[in-house]
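> got a sequence here, can you model it:
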Amino acid sequence: MSEGLAWLDRLADPRGGALAPGRVGLFVCQVCGDVDCGVLSVALERSQGVVRWSRFGWEGQGDGIQLVDGAAGAKTFEFSEAAYDTLLRSLRTRVTASAREIPAAGHLWWKVDPELVMDL
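A predicted model of the protein is given here:
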């Protein structure tokens with residue numbers, strides 16, 4: 001659970017993570033979760049009440065950042081800073097409140113009827 005909470009913290013402020021300054025990982029290796037295996041990352045910027053995700057790229061194994069052109073059909077995603085921070089706080093509260101030990105299954109998401117479980 002601590003890794004998942006640390007990830008939510010980096011989505012709020014990417015400083016201090018394993019990636020280049022100002023970058024945050026969105027998806028990591030589904031087998032081991034190690035950034036060295038590869039991670040889809042974005043540049044996270046805050047300015048004038050807006051949070052921007054831009055410069056999507058694949059990082060791993062010391063190869064630097066290989067930028068992905070137009071991930072998901074967009075080059076930049078913009079979010080209201082207030083709504084973004086509210087969502088991250090809400091996710092943190094929900095993860096903490098519903099914490100339970102679930103053995104890792106080699107993937108991050110799976111369905112356990114009737115709920116969706118995140119392996120953080």
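> only C-alpha atoms for contact and neighbour calcs from this point on.
Will do.
> give me the buried positions along the helix or strand where residue 95 lies.
Taking DSSP states H and E as the criterion, residue 95 maps to helix 81-97. By neighbour count with 16 or more other CA atoms under 10 Å, helix 81-97 contains the buried residues 81, 84, 88, 92, 95.
> identify the residues contacting that helix?
The contact list for helix 81-97 (CA atoms under 8 Å, 6 or more residues apart in numbering) reads 1, 5, 8, 11, 12, 46, 49, 50, 51.
> can you select the buried ones among those residues for me in PyMOL?
Selection command for PyMOL covering only the buried members of the contacts of helix 81-97, criterion 16+ other CA under 10 Å:
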select buried, resi 5+8+11+12+51
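> distance of residue 83 relative to residue 17?
Distance, residue 83 to residue 17, using CA to CA, to the nearest Å: 23 Å.
> list the contacts for residue 60?
Residue 60 touches 35, 36, 37, 38, 39, counting by CA under 8 Å, 6+ apart.
> what subset of those residues is buried?
For the contacts of residue 60, buried by 16+ other CA under 10 Å: 35, 36, 38, 39.
> quick check: phi and psi on residue 55?
When read as degrees, to the nearest 10, the backbone of residue 55 gives phi 50, psi 60.
> count of neighbours near it?
Here the count is done by other CA atoms under 10 Å, and residue 55 has 21 residues near it.
> test my guess that it contacts residue 77.
No. Assessed by CA atoms under 8 Å, residue 55 is found out of contact with residue 77, at 10.0 Å.
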